[in-house]
Every structure is written in C-alpha cells, then in structure tokens.
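Enquirer: pasting the sequence and the predicted coordinates here, then a few questions.
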Amino acid sequence: MRAVILSAAGALLVASAPATASVFTAGSSFAESCYRAAEARDTSRIARDSCNKALSENALSLFDRAGTHVNRGVLWMIMGDLGRANQDFDRALSFDPRQPEAWLNKAIAQMKAGNGGAALEMANRSLALRTERPALAYYIRGVANEDAGNVKAAYADFQRARALAPKWNVPAVELARYQVRSR
C-alpha cells in the first residue's frame, strides 16, 4: 500500500516515500499482481491489464473487488489520470463504503486537484476507518490545513505524521519550514 505523493500543494515537496495506499488482495493471481503493481508503482500496460483481468473475474469477493479498484486507481493516479483514478476509488466505495484506503487515495487525488477542503474531509474519513497509512492521512490533513490558512492544525498534523512514520522524512522537512514562538 505504499507509493509516492507526486505533488501536494504550494511550497510542499514531491515526496519520495509513502504516498498512495494500495490494498492487499488475495482473491486471484491477477488481483495480487494488480496489488504488486500498485506497490511497485508499475504503470506498464501489463500491470494495468492484470488489474483489468482481475476485475473481469466473477470469483473475487467484494473486499478483493474493492481493493483491486483501489489498486487500479492508484495506477491511474500515478499516471496523472485523476478522473479514472477517482472512478476506481468511487467504484471501490460502492462495494465497501468503509474502505479506508479508497478514502485516503481520494484525499490524495483531491489535493492533487487543488481541492484541499474535500481532501481534509476524506483524510479524516480514512483515519476514522483506521487506514493502514495514518501518517499519510495526517500529512494530507497538514497540507490541506496549511492551504486553508490553519497553520496551527497543519503543524500538529505534520508532527503527528512524523511521530507515526519517523523514517519518512517528508513530514520532518515540512516541519522545518515552521517557526514556533512562545507568547
């Protein structure tokens, strides 16, 4: 479930560590190949075909079908096709409205589209549903809060992201831009 945030907003970085959230699926070899492609950020035609083949199988459980839509959506998002990515995330949510990684990836897509308000709401939803990538969700919240001018909340979110994923340097870089003053 790990990939890369390609861009966020304003002065924020292009991250080189965790960024999108794929979903492990064990329903078929094609579904697993789709998951592995999302993990590896492999947007090749072969990788996308494995996702398409998995989704054409009638044997996938609803969980695996939702997860495969998330994983294919991750590939579309990496390729810059936010429309197709969101279609897949929405399809995943139609199978499982409590799919936290679909909400988290929708938040990332909203940030990429410049819609911080929606991203904040979706990141909150992913956290409430216990995303496997809470540091990423807090990072997205931090970006959205900063864009909205809520600097204190952004700082707190970046701190939380850093605490949850101390080896991921992007939150620390964001925090270095802040100056904390006592009154």
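Expert: Structure's in. What do you need?

Enquirer: from now on I want contacts and neighbour counts done on CA atoms only, so please keep to that.
Expert: Fine.

Enquirer: any stretches of this protein with poor pLDDT?
Expert: 1-28 (pLDDT under 70).

Enquirer: and the longest helix for it?
Expert: helix 62-78 (DSSP state H).

Enquirer: immediately after that one, which helix or strand?
Expert: helix 82-95 (DSSP states H and E).

Enquirer: buried set for stretch 147-162?
Expert: 147, 151, 153-162 (16 or more other CA atoms under 10 Å).

Enquirer: residue 109 contacts residue 76, correct?
Expert: No. If you go by CA atoms under 8 Å, residue 109 and residue 76 don't touch, sitting 10.3 Å apart.

Enquirer: the two: which is more packed in?
Expert: residue 109 (30 against 21; other CA atoms under 10 Å).

Enquirer: now that one. Nearest residue, chain neighbours left out?
Expert: residue 82 (6.3 Å; CA to CA, 6 or more residues apart in numbering).

Enquirer: buried residues in stretch 126-143?
Expert: 126-127, 129, 131-143.

Enquirer: and if you look at stretch 81-88?
Expert: 82, 84-88.

Enquirer: which single one of those is nearest to residue 56?
Expert: residue 88 (13.9 Å; CA to CA).

Enquirer: mind listing what the closest one touches?
Expert: If a contact means CA atoms under 8 Å, 6 or more residues apart in numbering, then residue 88 has 69-70, 72-73 as its contacts.

Enquirer: and those residues, which is closest to residue 62?
Expert: residue 69 (10.6 Å).

Enquirer: count the neighbours of the closest one for me.
Expert: 31.

Enquirer: so what's it up against?
Expert: 51, 55, 88-89, 91-92.

Enquirer: repeat the analysis, applying 6 Å as the threshold.
Expert: Going by CA atoms under 6 Å, 6 or more residues apart in numbering, residue 69 touches 88, 92.

Enquirer: coming back round to it: in JSON lines: the buried residues of stretch 81-88, plus distance to residue 181.
Expert: Below are the buried residues of stretch 81-88 laid out as JSON lines (distance: CA to CA, whole Å):
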{"residue": "82", "distance to residue 181": "39"}
{"residue": "84", "distance to residue 181": "44"}
{"residue": "85", "distance to residue 181": "41"}
{"residue": "86", "distance to residue 181": "40"}
{"residue": "87", "distance to residue 181": "44"}
{"residue": "88", "distance to residue 181": "44"}
